[in-house]
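Student: fold the following and give me the result.
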Amino acid sequence: MPPLPHAHPAGLTRAQVLRMAVGLSTGVATAGLPFGAAAQKKTPMNTRPIPSTKEALPVIGCGTWVGFGHAPGSDEYRRLPGVLQALFDAGGTVLDSSPMYGRAEQTTGELLAASKDRPQAFLATKVWTRGREAGIAQMEQSMAHLKAERIDLMQVHNLVDWRTQLATLRAWKSSDRIRYIGITHYTASAFGEVEAVLRAETLDFLQINYSIDDRAVEQRLLPLAAERGVAVIVNQPFGGGGLLRGLRDKPLPGWAAEIGATSWAQVLLKFTLSHPAVTCVIPGTSRPEHMADNAKAGFGAVPDAAFWRRHAASVTAAS
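Tutor: Here you go, the predicted structure:
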């Protein structure tokens with residue numbers, strides 16, 4: 001494959017480059033790579049199987065923390081239908097939320113109710129409270145906010161009262177109110193407990209933090225998830241946002257073209273997808289152009305570990 005020019009000329013930010021790209025024809029392709037939603041529809045987004053069922057899941061989804069917490073009538077809220085459209089146009093399906101994300105569940109439910117693409121959505125949310133009755137009440141409220149009679153994935157958020165909540169989740173799964181169950185966390189201090197739960201319980205999903213500058217899960221949790229047949233959803237693929245902010249004004253290295261990446265966001269997402277235990281990555285955004293850009297990381301070849309042994313250090317150094 002011939003090398004592509006850098007997507008970030010000196011002095012241009014990621015947002016400026018993306019705005020330029022929006023103005024180009026969706027029929028344009030560079031070096032055979034799909035460009036734009038129309039082209040991406042012809043080439044399906046990569047998928048990976050959920051180990052417990054072998055159901056195929058598109059590898060790029062969307063997290064709703066912060067970005068979907070906006071109230072109707074705001075400029076931010078008016079942009080959000082475009083975020084869903086960009087996700088669905090690219091072939092993505094996963095929307096991840098939580099009752100701790102302000103009104104994100106409610107916003108997601110409103111947007112999906114108004115969208116013709118509602119059947120495409122793989123809805124994931126969480127229970128984040130103590131006690132059986134409180135957990136049931138919270139999950140009922142989540143389903144009402146999401147306007148959903150069944151949730152694809154319900155997760156015990158940050159392992160809060162996980163024994164109690166997992167018992168309810170199993171009962172709800174048996175009665176077909178939810179399809180999959182899982183646990184989540186995002187801090188290294190909790191990894192010991194996460195490992196213990198993975199070893200002790202039968203789960204469908206683990207959601208955990210993983211990025212090129214935060215690789216602790218590679219040591220034990222990702223290999224254990226693969227061993228136990230647990231799908232992995234990655235949160236914070238941009239290092240909580242700080243990593244991407246540190247890179248956005250830097251020119252892309254020439255080797256980015258080797259993996260079909262035309263933005264730093266795609267480089268970082270391709271890194272997380274390079275681990276074979278990872279099933280889906282859920283970068284959060286409230287901007288349609290960022291969602292479209294993120295989704296492009298779900299197409300084409302995924303670099304292997306040897307590639308990142310050569311290049312990962314240069315990414316963290318650049319940030």
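Student: can you pull out the strands in the chain?
Tutor: With DSSP state E as the definition, the chain shows strands at residue ranges 47-49, 56-58, 62-63, 94-96, 122-127, 151-156, 178-184, 205-209, 231-235, 280-281.
Student: in TSV, list the ones you listed along with distance to Gly242 and mean neighbour count.
Tutor: For every residue, glycine as well, the C-beta is placed using N, CA and C. Shown next, in TSV, are the strands of the chain (distance: least, CB to CB, whole Å; neighbours: other CB atoms under 10 Å):
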stretch	distance to Gly242	mean neighbour count
strand 47-49	27	15
strand 56-58	26	19
strand 62-63	16	28
strand 94-96	20	26
strand 122-127	24	26
strand 151-156	25	25
strand 178-184	20	23
strand 205-209	13	24
strand 231-235	14	25
strand 280-281	17	28
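Student: from memory Gly102 sits against Gly69, does it?
Tutor: Yes: using CB atoms under 8 Å, Gly102 is in contact with Gly69, at 3.7 Å.
Student: returning to that earlier point: could you redo the strands of the chain as TSV and give each row mean pLDDT?
Tutor: Output for the strands of the chain, formatted as TSV (pLDDT from 0 to 100):
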stretch	mean pLDDT
strand 47-49	98
strand 56-58	98
strand 62-63	97
strand 94-96	98
strand 122-127	98
strand 151-156	98
strand 178-184	98
strand 205-209	98
strand 231-235	98
strand 280-281	98
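Student: quick one: closest of those strands to Ala86.
Tutor: strand 62-63 (8.8 Å; CB to CB).
Student: so what's Gln85 closest to, chain neighbours aside?
Tutor: In this structure, Gln85 finds its nearest non-sequential neighbour in Pro288, 6.9 Å apart by CB to CB, 6 or more residues apart in numbering.
Student: tell me the pLDDT at the one you found?
Tutor: pLDDT for Pro288: 98.
Student: residue contacts, it?
Tutor: Residues near Pro288 by CB atoms under 8 Å, 6 or more residues apart in numbering: Arg79, Gly82, Val83, Gln85, Ala86.
Student: same check, this time on Gly229
Tutor: Counting by CB under 8 Å, 6+ apart, Gly229 touches Pro51, Ser52.
Student: thinking again about what came up before, now, among the contacts of Pro288, which is nearest to Val160?
Tutor: Once CB to CB is applied, the member of those that ends up nearest Val160 is Val83, at 28.1 Å.
Student: what distance do you get for the closest one to Arg287?
Tutor: For Val83, the distance to Arg287 equals 7 Å [CB to CB, to the nearest Å].
Student: looking at the two, which is more packed in?
Tutor: Using other CB atoms under 10 Å as the criterion, Val83 and Arg287 rank with Val83 on top: 24 against 18.
Student: for burial, what's the neighbour tally of the nearest residue to Gly246 once chain neighbours are set aside?
Tutor: Residue nearest to Gly246 in three dimensions, not counting chain neighbours: Ser319, with 3.6 Å by CB to CB, 6+ apart. Neighbours of Ser319 under the rule other CB under 10 Å: 17.
Student: any idea how far Val267 is from the residue nearest to Gln85?
Tutor: On the measure of CB to CB, Pro288 and Val267 end up 21 Å apart.
Student: can you list the strands of the chain in JSON lines and add distance to Gly246?
Tutor: Output for the strands of the chain, formatted as JSON lines (distance: least, CB to CB, whole Å):
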{"stretch": "strand 47-49", "distance to Gly246": "29"}
{"stretch": "strand 56-58", "distance to Gly246": "28"}
{"stretch": "strand 62-63", "distance to Gly246": "20"}
{"stretch": "strand 94-96", "distance to Gly246": "25"}
{"stretch": "strand 122-127", "distance to Gly246": "29"}
{"stretch": "strand 151-156", "distance to Gly246": "30"}
{"stretch": "strand 178-184", "distance to Gly246": "26"}
{"stretch": "strand 205-209", "distance to Gly246": "17"}
{"stretch": "strand 231-235", "distance to Gly246": "19"}
{"stretch": "strand 280-281", "distance to Gly246": "19"}
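Student: please name whichever of those strands is nearest to Thr168.
Tutor: Among those, strand 122-127 sits nearest to Thr168 (CB to CB), with 7.7 Å.
Student: which residues does that closest one contact?
Tutor: Counting by CB under 8 Å, 6+ apart, 57, 61, 93-100, 105, 108, 135, 138-139, 142, 146, 148, 151-157, 160, 165, 168-169, 184, 205, 233 sit against strand 122-127.
Student: paired strands for that strand, with orientation please.
Tutor: Note on strand 122-127: by DSSP bridges, its sheet partners are strand 94-96 (parallel), strand 151-156 (parallel).
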